[in-house]
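Just to be clear, the model below is a prediction. Sequence and coordinates:
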Amino acid sequence: GIEVRTGVDYFKERESLRKEAVKVVFTGQIDAYFDYSLGELEYRSLRFETETLEIPSFQGNAVVNYTEFEVPYTRIIEHKFFEKIGNSLNDLGNKTVITREYPKDWTKGDEPYYPVNDEKNTALYNRYSELAAKEENVIFGGRLGKYKYYDMDDVIADALYDVKAEMAGF
């Protein structure tokens, strides 16, 4: 049968995974996978500020994006709208919890959320992609593995495409 393991720190378990796995789906940073041998790709990160407000609802929606230059954050998440009724955030009564997301320059060690899709980084990614194509038992996926900005629906569509491509080989 097929064993699926998620939440694995690939770099800590690299050797055993290479021995055990027929295929590995790697969704981490493609440049880190290759030990930055061609150089570091650039990423954008995020900084979060969470606060509890003494009102039943702040924005009446789970997520509102802010694209105005003057607004320092890019979105506000109101968590209770993601939760099922009865969960702890909905039990706050006349309170709500929001998180503001602020853009942050990425440095190694920070969480990389978004690739920087400019000419320089695209050229470097293309070189890493050539190395990735030679990895016989690894499928690179997601924003970091393919160094591409994806919305969630795009990630799912791309993953399904990769599954079809893999299944065609059987």
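Yep, it's here. Numbers count the residues shown, from 1 in each chain.

where exactly do the strands run in the protein?
Per DSSP state E, the chain carries strands over the ranges 24-26, 43-53, 63-65, 75-78, 96-105, 114-115, 138-140.

The fifth one pairs with which strands, and in what direction?
If I follow you right, that is strand 96-105. strand 43-53 (antiparallel), strand 75-78 (antiparallel) (DSSP bridges).

out of the strands of the chain, deepest packed?
Burial of the strands of the chain is given as mean neighbour count (mean count of other Cβ atoms under 10 Å); strand 114-115 ranks first at a mean of 20. Where C-beta positions appear, they are placed from N, C-alpha and C, glycine not excepted.

elements contacting it?
Other helices and strands packing on strand 114-115, by 3 or more Cβ pairs under 8 Å, 6 or more residues apart in numbering; DSSP states H and E, are strand 43-53, helix 142-145.

Export those as CSV, with columns for distance to Val116 and mean pLDDT.
Formatted as CSV, the helices and strands packed on strand 114-115 follow (distance: least, Cβ to Cβ, whole Å; pLDDT from 0 to 100):
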stretch, distance to Val116, mean pLDDT
strand 43-53, 6, 95
helix 142-145, 12, 92
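
Serialize these to JSON lines and add fields for distance to Phe34.
Shown next, in JSON lines, are those (distance: least, Cβ to Cβ, whole Å):
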{"stretch": "strand 43-53", "distance to Phe34": "15"}
{"stretch": "helix 142-145", "distance to Phe34": "12"}
